[in-house]
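[1] fold the following.
(3 chains)
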Amino acid sequence: MQAMINTPPYTCGILTLSDKGAKGEREDTSGPLLKQLLTAQGFQVKAYQIIPDQQLLIEAFLIKWVDEKGIDLIVTTGGTGVSPSDRTPEATRQIIDLEIPGIAEAMRQASLAKTPQAIWSRGIAGIRKKSLIINLPGSERGAKENIEAVLPALAHGLYKIKGGTADCGEKREGKD
Amino acid sequence: MQAMINTPPYTCGILTLSDKGAKGEREDTSGPLLKQLLTAQGFQVKAYQIIPDQQLLIEAFLIKWVDEKGIDLIVTTGGTGVSPSDRTPEATRQIIDLEIPGIAEAMRQASLAKTPQAIWSRGIAGIRKKSLIINLPGSERGAKENIEAVLPALAHGLYKIKGGTADCGEKREGKD
Amino acid sequence: MQAMINTPPYTCGILTLSDKGAKGEREDTSGPLLKQLLTAQGFQVKAYQIIPDQQLLIEAFLIKWVDEKGIDLIVTTGGTGVSPSDRTPEATRQIIDLEIPGIAEAMRQASLAKTPQAIWSRGIAGIRKKSLIINLPGSERGAKENIEAVLPALAHGLYKIKGGTADCGEKREGKD
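    Sure, this is the predicted structure:
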């Protein structure tokens, strides 16, 4: 259920982290799936890119998409695990102003109900300027399970992040 | 269920963060509700104040209530969300010696069972000297749901924080 | 269910933190129980020691067991609570390269289903070099509940931590 307040459709970017994907050696199935899920939720997908698992490159893309393109929501997929090459949480932590621990907790809790391997995802979420960045696992199933755990709450959160002060239409919401 | 060991009643302070509340433009319903819940659990409410959402002011109150008034438990309500003015977690992190992540996790988990919007609360909990500080959401419903998730455990934790070494009367407890 | 990929049996060390235990004034029941649980899961227990609750000593043991003995998995038991002497999480945070929040969350969530006192465990988990370190509570029951919450996932995670790239045999796993 979305907020009943009037919000513009928010823009969204999908950043897939995959060394093999960036070289064209592996098809990215998580990115297109996320595009579909986010579009269905009312987001306008404005950017989609596959880049290798390199921390500085990830940071550069996140900064560019927020600061230059003004994208409201960025979801990353890949690089959240415990392999030596997994650096997406480190890149994200480096460029956010504020971390939102409840997003990562809710996503891991949802995944944990399906598989004990959910503990390895180190993904975080946070705010840079007025934009929200969320790290998702790289697997199609993991990315889907994780984003679906928080998707219904995103529009209301973005409204608040951008300084909206009206209370949400849902009876559940008061002031935060 | 409370510990069966002999503990003095602990003192408690309630700090409401609200710009409108501080100006008398909005009635604080969360503060009085917390007073009632904490009193029912055996706490002696020694301080209650409504102040605006300003980080340095929040820090000053938390320090004063712990260092000068020696209050055992401080609960804050408000300023935990993702609005630009929400700074309670930042203020709290600044003045605690030690964070207790399990308190925030348990509170968000309880709220998440009721609403997906629970992910936005960034509240933390921690220890300053021998006192416990817990951030709660500002809405009446959110504050109630959150404190009730941890209320039965607080007396035993405070006993340990203050250096108590006897095992708790509950069969569940051994050494930590 | 374990990964179906071929992994060598991983080695394991158990470090019990207890002032009384180190002086021989209290029998360590958690250490032997963990030895049994880890052996049953296929780990080779190579080290077991009871030392007092002193931060620098804990750090020294963790470093030695990883850097000199090359132990794959270290579990600590004790010193995770809120008593003034509990310093295991601080010692661990000091010497790990990377924290894995999902392990601590899953353990506390499992404990919380049994007792509200689970919120007090401040245990963390993380990676030093290619080894995994997990903090468990000191009580026999707490240590068991916590390790059992993550035990089925450990072999696969260690395989990834050490740079393994094959996908896990479980249908559930894709790339992380």
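[2] can we go C-alpha only for contacts and neighbour counts from here?
    Will do.
[3] tell me the contacts of the residue of chain A found nearest chain C?
    When scored by C-alpha to the nearest C-alpha, chain A has residue A:119 as its residue closest to chain C, at 4.3 Å. Applying C-alpha atoms under 8 Å, 6 or more residues apart in numbering or on different chains to residue A:119 gives the contacts A:108, A:112, C:100-103, C:106, C:150, C:153.
[4] try it again at 7 Å.
    Residues near residue A:119 by C-alpha atoms under 7 Å, 6 or more residues apart in numbering or on different chains: A:108, C:102-103, C:106.
[5] next: residue A:77.
    For residue A:77, counting by C-alpha under 7 Å, 6+ apart, the contacting residues are A:15-17, A:135-138, A:143.
[6] ramachandran angles for residue A:120?
    The phi and psi values for residue A:120, taken as degrees, to the nearest 10, are phi -80, psi -20.
[7] and it, how close does it get to residue A:62?
    For residue A:120, the distance to residue A:62 equals 23 Å [C-alpha to C-alpha, to the nearest Å].
[8] again with residue A:147
    From residue A:147 to residue A:62 the distance is 18 Å (C-alpha to C-alpha).
[9] excluding its backbone neighbours, what's nearest the residue of chain A found nearest chain B?
    Taking C-alpha to the nearest C-alpha, chain B has its nearest neighbour within chain A at residue A:102, 4.2 Å off. Spatial nearest neighbour of residue A:102, excluding adjacent residues (C-alpha to C-alpha, 6 or more residues apart in numbering or on different chains): residue B:119 at 4.2 Å.
[10] list the contacts of residue A:48.
    By C-alpha under 7 Å, 6+ apart, the neighbours of residue A:48 are A:13-15.
[11] now the lowest-mean-pLDDT helix or strand in chain A - C-alpha only, PDB.
    None of the helices or strands of chain A scores lower by mean pLDDT, DSSP states H and E than helix A:19-22, at a mean of 91. This file holds the C-alpha atoms of helix A:19-22, laid out as PDB (Å, rounded to 0.1, in the frame of the first residue of the first chain):
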ATOM      1  CA  ASP A  19      33.200  -8.700 -13.200                       C
ATOM      2  CA  LYS A  20      31.900 -11.300 -15.700                       C
ATOM      3  CA  GLY A  21      28.800  -9.200 -16.500                       C
ATOM      4  CA  ALA A  22      30.800  -6.100 -17.300                       C
END
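[12] what's in contact with the helix or strand encompassing residue A:148?
    Assessed by DSSP states H and E, residue A:148 sits inside helix A:140-150. With contacts defined as C-alpha under 7 Å, 6+ apart, helix A:140-150 is touched by A:29-30, A:77, A:103, A:106-107, A:110-111, A:136-137, B:116.
[13] right, and residue A:80 touches residue A:90 too?
    No - applying C-alpha atoms under 7 Å, one finds residue A:80 not in contact with residue A:90, separated by 9.1 Å.
[14] of the two, who's got more company?
    Between residue A:80 and residue A:90, residue A:80 has the larger neighbour count (other C-alpha atoms under 10 Å in any protein chain shown), namely 24 against 19.
[15] does residue A:71 belong to a helix, a strand or coil?
    coil (DSSP: H, G, I helix; E, B strand; the rest coil).
[16] distance of it from residue B:85?
    Distance from residue A:71 to residue B:85, by C-alpha to C-alpha: 22 Å.
[17] the two: who's more crowded?
    Neighbours per residue (other C-alpha under 10 Å) separate residue A:71 from residue B:85, with residue A:71 holding more: 23 against 17.
[18] check whether residue A:100 really touches residue A:126, as I assumed.
    Yes - counting by C-alpha under 7 Å, residue A:100 touches residue A:126, with 5.1 Å between them.
[19] just want the angle from the helix or strand just after the helix holding residue A:148 to helix A:140-150.
    The C-terminal neighbour of helix A:140-150 among helices and strands, as given by DSSP H and E, is helix A:154-161. If you take axes from the mean of the first three to the mean of the last three C-alpha atoms, to 10 degrees, helix A:154-161 sits at 60 degrees to helix A:140-150.
[20] output the below-cut-off pLDDT ranges for chain A.
    Along chain A, the parts satisfying pLDDT under 70 run over A:1-7, A:167-176.
[21] which residues of it lie near chain C?
    A:78-84, A:108, A:116-117, A:119-122, A:137-139 (C-alpha under 7 Å from any C-alpha of the partner chain).
[22] run through the helices of chain A in chain order.
    With DSSP state H as the criterion, chain A has helices at A:19-22, A:30-40, A:55-63, A:88-95, A:101-112, A:140-150, A:154-161.
[23] residues from chain A in reach of chain B?
    Residues of chain A lying near chain B (C-alpha under 7 Å from any C-alpha): A:100-103, A:106, A:150, A:152-153, A:157, A:160-161, A:163, A:174-176.
[24] highest neighbour count among the residues you listed?
    Going by other C-alpha under 10 Å, residue A:103 tops the residues of chain A next to chain B with 29 neighbours.
[25] measure that one to residue A:122 for me?
    From residue A:103 to residue A:122 the distance is 12 Å (C-alpha to C-alpha).
[26] again with residue A:90
    Shown here: residue A:90 relative to residue A:122, a distance of 9 Å by C-alpha to C-alpha.
[27] could you do residue A:134 as well?
    11 Å.
[28] ok, residue A:128 next?
    Distance from residue A:128 to residue A:122, by C-alpha to C-alpha: 19 Å.
[29] more neighbours: which of those two?
    residue A:122 (26 against 20).
[30] the more buried one touches residue A:83, doesn't it?
    No - Residue A:122 is beyond contact range of residue A:83, at 10.9 Å (criterion: C-alpha under 7 Å).
[31] number of residues surrounding residue A:165?
    Using other C-alpha under 10 Å: residue A:165 sits among 11 other residues.
[32] hmm, I typed the wrong one, I wanted residue A:59.
    Neighbours around residue A:59, by other C-alpha under 10 Å: 18.
[33] got the contact list for it?
    Counting by C-alpha under 7 Å, 6+ apart, residue A:59 has contacts A:91-92, A:95.
[34] top of the contacts of residue A:48 by neighbour count?
    The most crowded member of the contacts of residue A:48 is residue A:13, carrying 27 neighbours; neighbours defined as other C-alpha under 10 Å.
[35] what about that one, distance to residue A:133?
    Distance of residue A:13 to residue A:133, given as C-alpha to C-alpha: 9 Å.
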